[in-house]
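> The sequence and its predicted three-dimensional model are supplied below.
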Amino acid sequence: MTERNVVIKNRAGIHARPAALIVQTASKYKSKIAFRNEHEEINAKSIMGIITLGASYNTSLTIKAEGEDEAEAVDALSQLFENRFEEE
């Protein structure tokens, strides 16, 4: 299992466009991938799950992946957060 903490750096937080980017990226990998906050854990391949997290600016999340390509999946998703979902 690979885990990494990320912080949402874009001012708008995770709304429809970033959620779609996350799902598109996560879906490229065979591993089971989840996001976890203080209260819940959701499937990173579910756009509705990601949107219902209600993750806003400066929210900390943990990316958790388990499977044959888990490290690559976590790296790719972390990069989306680092790049502010290409919004800023």
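Okay, I see it.

> Where do the strands of the protein begin and end?
Assigned by DSSP state E, the strands in the chain fall at 2-7, 32-36, 41-43, 60-66.

> need the helices for this protein, in chain order.
When assigned using DSSP state H, the helices of the chain occupy the ranges 16-26, 47-52, 70-82.

> Let me see the backbone angles for the residue of the chain most remote from its centre.
Here the chain reaches farthest from its C-alpha mean at E68, the gap being 18.2 Å by C-alpha atoms, centre = their mean. Main-chain torsions, E68, degrees, to the nearest 10: phi -70, psi -30.

> State whether it and K30 are indeed in contact, as I suppose.
Yes - between E68 and K30 there is a contact at 5.8 Å, judged by C-beta atoms under 8 Å. No exception for glycine: its C-beta is placed from N, CA and C like everyone else's.

> can you list the weak-confidence ranges in the protein?
Residue ranges of the chain with pLDDT under 70: 88.

> how about stretch 29-38: buried residues?
Buried residues in stretch 29-38, defined by neighbour count with 16 or more other C-beta atoms under 10 Å: 29, 31-36.
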